[in-house]
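Visitor: Structure, please.
(chains A and B)
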There are 2 protein chains.
Amino acid sequence: MLFFTQCFGAVLDLIHLRFQHYKAKRVFSAAGQLVCVVNPTHSLKYAPTRCAAGQASTEQGILPPCHHHEAVHDPQLVPCTCPLFSCPWEGHLEVVVSHLRQTHRINILQGAEIVFLATDMHLPAPTDWIIVHSCLGHQFLLVLRKQEKYEGHPQFFATMMLIGTPTQADNFTYRLELNRNQRRLKWEATPRSILECVDSVISDGDCLVLNTSLAQLFSDNGSLAIGIAITTSKVHSSEAEM
Amino acid sequence: MLFFTQCFGAVLDLIHLRFQHYKAKRVFSAAGQLVCVVNPTHSLKYAPTRCAAGQASTEQGILPPCHHHEAVHDPQLVPCTCPLFSCPWEGHLEVVVSHLRQTHRINILQGAEIVFLATDMHLPAPTDWIIVHSCLGHQFLLVLRKQEKYEGHPQFFATMMLIGTPTQADNFTYRLELNRNQRRLKWEATPRSILECVDSVISDGDCLVLNTSLAQLFSDNGSLAIGIAITTSKVHSSEAEM
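Guide: Take a look at the predicted model:
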């Protein structure tokens, strides 16, 4: 066991070392896996100056108002899916990714299995870490959010949304995995469609939820590595195993 | 996928049906796995009338006083490890299990993989569900606790403790798995020794933590099924996979 623990430690060291040396290049490969360094963005949507009422209701565990559906006038069009900003853009589902990339500068990462390395976990809530993950012919939005549901007690919420319809989303399973210090936490679920509201998924708690203490246990030097894998839903064939 | 989802549903139905028919017999087998129905016990240790100061500190996220170590006078003796009561008993490690069984009527379950079926999840905090799990030549105490770290927001905490020394505990890995509604949550860790305080493990959050909303997603008819597996620590050889 010691040997493999050391191996895993070496992988983390490698990640850290390469992170130090290639800060300019935000995507690199460690131990055969693509690692994407994701910087936090302070969420303007929940900033007190812009949306004080929304924040108050969130802290009390009530669903925040979902701005996405309110903005849709033409059913053929979808609003901007970026959870960071109250963006007035709307367009067809096929062009959501290019909007996210061009307007909100969200990185797109290719590969069935990647490592999402969220930096600066200590930053105060509300903060989001976001990438688009492209695999199996589709794009998925990964959102890690630090939010205070209970005042003074920030939590971390991580979920994946398919940039597609709910019917398409049912064909996939995503897995988020944390692995450090002889502890492992895995969350597997069917992704929601981006047509649903990411805020309500997080408010419902239907995602990977971490208390600050657990997030610290899995963090290394202020960064949290989340292993991400997406498969077609055959994975759930093992549900009956339990 | 539908077929296997139905299979899993059938297994849950079987569990429920047998639970209805054999309420007197609290342990039964479903789909080849041993299922232990565990009834809740209202924790007297945290009851406001007995320990108001302790509860207040817990709600603020501060470690509650651990009564175990305070009571030890002879280093050869260990105090009662039952987290339910402030029990004055102390004795040698080898007789802890028989004390738990005889005095606190805690069930002992044999088998490498079992299903822990906690009933009445709706009961108010503080509430504990406890069994002793016997496998690989050792006994492990499984504690599921509903507790309010933040006032008005109960959470569920699940952990396993080896009834043995910390050195012995390092040789094992335990896995707790929730699996329902196309969602799966797995927690793997090295068990702590019962010589450490279960209260501090839970206060540190170094265990499986569930918000009420997640617990509801994984519950069926007010009962939460937790799959439990214990292995020797070779499991961690796959740490480098991530």
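Visitor: Scan the helices and strands of chain A for the one with the lowest mean pLDDT.
Guide: Least confident element among the helices and strands of chain A, by mean pLDDT, DSSP states H and E: helix A:48-59 (a mean of 35).
Visitor: Where does pLDDT dip in chain A?
Guide: A:1-33, A:42-76, A:81-86, A:234-242 (pLDDT under 70).
Visitor: what element comes up after the longest strand that chain A contains heading to the C-terminus?
Guide: Counting by DSSP state E, the longest strand found in chain A is strand A:138-150. Next along the chain after strand A:138-150, taking DSSP states H and E as the criterion, comes strand A:153-162.
Visitor: Remind me what that following strand packs against, helices and strands.
Guide: strand A:138-150, helix A:166-169, strand A:172-180, strand A:192-193, helix A:198-204, strand A:208-211, helix A:212-218, strand A:223-232 (3 or more C-beta pairs under 8 Å, 6 or more residues apart in numbering or on different chains; DSSP states H and E). All C-beta atoms are positioned from the backbone trio N, CA, C, and that covers glycine.
Visitor: got the angle between that strand and strand A:138-150?
Guide: 160 degrees (axes from the mean of the first three to the mean of the last three C-alpha atoms, to 10 degrees).
Visitor: In its sheet, which strands sit next to strand A:153-162, and in what direction?
Guide: strand A:138-150 (antiparallel), strand A:192-193 (parallel), strand A:208-211 (antiparallel) (DSSP bridges).
Visitor: May I see the ones you listed arranged in JSON lines, with distance to residue B:135 and mean neighbour count as well?
Guide: Listed next are the strands paired with strand A:153-162 as JSON lines, based on distance: least, C-beta to C-beta, whole Å; neighbours: other C-beta atoms under 10 Å in any protein chain shown:
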{"stretch": "strand A:138-150", "distance to residue B:135": "36", "mean neighbour count": "22"}
{"stretch": "strand A:192-193", "distance to residue B:135": "38", "mean neighbour count": "20"}
{"stretch": "strand A:208-211", "distance to residue B:135": "29", "mean neighbour count": "23"}
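Visitor: Serialize those strands to CSV and add fields for distance to residue B:144.
Guide: Below are these laid out as CSV (distance: least, C-beta to C-beta, whole Å):
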stretch, distance to residue B:144
strand A:138-150, 22
strand A:192-193, 28
strand A:208-211, 17
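Visitor: so which of the ones you listed comes closest to residue A:185?
Guide: With C-beta to C-beta as the measure, strand A:208-211 is the member of those nearest residue A:185 (7.6 Å).
Visitor: Any chance you could list what contacts that closest one?
Guide: Strand A:208-211 has contacts (C-beta atoms under 8 Å, 6 or more residues apart in numbering or on different chains) with A:153, A:155-159, A:176, A:178, A:185, A:187, A:218, B:205, B:209, B:211, B:214.
Visitor: Let's see that with 6 Å instead.
Guide: A:155-158, A:176, A:187, B:205, B:209, B:211 (C-beta atoms under 6 Å, 6 or more residues apart in numbering or on different chains).
Visitor: same thing with stretch A:111-129?
Guide: Under C-beta under 6 Å, 6+ apart, the answer for stretch A:111-129 is A:33-43, A:46, A:84, A:135, A:144-148, A:154, A:219, A:222-229.
Visitor: pull the CA atoms of that stretch into PDB?
Guide: C-alpha atoms of stretch A:111-129 as PDB (Å, rounded to 0.1, in the frame of the first residue of the first chain):
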ATOM      1  CA  GLY A 111     -11.000  13.800 -23.300                       C
ATOM      2  CA  ALA A 112     -13.100  11.100 -21.600                       C
ATOM      3  CA  GLU A 113     -11.300  11.400 -18.300                       C
ATOM      4  CA  ILE A 114      -9.800  14.600 -17.100                       C
ATOM      5  CA  VAL A 115      -8.600  16.200 -13.800                       C
ATOM      6  CA  PHE A 116     -10.200  19.500 -12.900                       C
ATOM      7  CA  LEU A 117      -7.700  21.300 -10.600                       C
ATOM      8  CA  ALA A 118      -9.600  24.200  -8.900                       C
ATOM      9  CA  THR A 119      -7.200  26.700  -7.400                       C
ATOM     10  CA  ASP A 120      -7.600  29.100  -4.500                       C
ATOM     11  CA  MET A 121     -10.200  27.200  -2.600                       C
ATOM     12  CA  HIS A 122      -9.800  29.600   0.300                       C
ATOM     13  CA  LEU A 123     -11.500  32.500  -1.600                       C
ATOM     14  CA  PRO A 124     -14.700  33.700   0.100                       C
ATOM     15  CA  ALA A 125     -18.100  32.600  -1.200                       C
ATOM     16  CA  PRO A 126     -19.800  33.100  -3.600                       C
ATOM     17  CA  THR A 127     -17.100  31.800  -6.000                       C
ATOM     18  CA  ASP A 128     -17.400  29.600  -9.100                       C
ATOM     19  CA  TRP A 129     -14.900  27.400 -11.000                       C
END
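Visitor: Sort out which residues of that stretch are buried, please.
Guide: Neighbour-count burial for stretch A:111-129 flags A:111, A:113-119, A:121, A:123, A:125-129 (criterion: 16 or more other C-beta atoms under 10 Å in any protein chain shown).
Visitor: ok, these vs chain B, which is closest?
Guide: residue A:115 (7.4 Å; C-beta to the nearest C-beta).
Visitor: which non-adjacent residue is nearest the closest one?
Guide: residue A:35 (4.4 Å; C-beta to C-beta, 6 or more residues apart in numbering or on different chains).
Visitor: Okay, that neighbour and chain B: tell me how far apart.
Guide: Counting by C-beta to the nearest C-beta, to the nearest Å, the gap from residue A:35 to chain B is 11 Å.
Visitor: Pairing partners for that residue in the sheet, please.
Guide: Counting by DSSP bridges, the residues bridging with residue A:35 are residue A:28, residue A:115.
Visitor: Quick check: it vs residue A:111, distance?
Guide: Counting by C-beta to C-beta, to the nearest Å, the gap from residue A:35 to residue A:111 is 10 Å.
Visitor: mind checking which of the strands paired with strand A:153-162 is nearest residue A:201?
Guide: Per C-beta to C-beta, nearest to residue A:201 of those: strand A:192-193, 5.5 Å.
Visitor: What is the burial count for residue A:94?
Guide: The number of residues packed near residue A:94 is 10, by other C-beta atoms under 10 Å in any protein chain shown.
Visitor: do you know how far it is from chain B?
Guide: 27 Å.
Visitor: With residue A:144 instead?
Guide: When distance is defined by C-beta to the nearest C-beta, residue A:144 is 17 Å away from chain B.
Visitor: May I see the contacts of strand A:208-211 arranged in CSV, with distance to residue A:201 as well?
Guide: Formatted as CSV, the contacts of strand A:208-211 follow (distance: C-beta to C-beta, whole Å):
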residue, distance to residue A:201
A:155, 14
A:156, 14
A:157, 8
A:158, 10
A:176, 13
A:187, 13
B:205, 23
B:209, 19
B:211, 13
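Visitor: can you pick the most crowded of the residues you listed?
Guide: Of all the contacts of strand A:208-211, the highest neighbour tally under other C-beta under 10 Å goes to residue A:156, namely 25 neighbours.
Visitor: wait, isn't it in contact with residue A:146?
Guide: Yes - counting by C-beta atoms under 6 Å, residue A:156 touches residue A:146, with 5.5 Å between them.
Visitor: List the contacts of the longest strand of chain A.
Guide: A:59, A:61, A:83, A:97, A:118, A:125-133, A:154, A:156-164, A:198, A:202, B:150, B:153.
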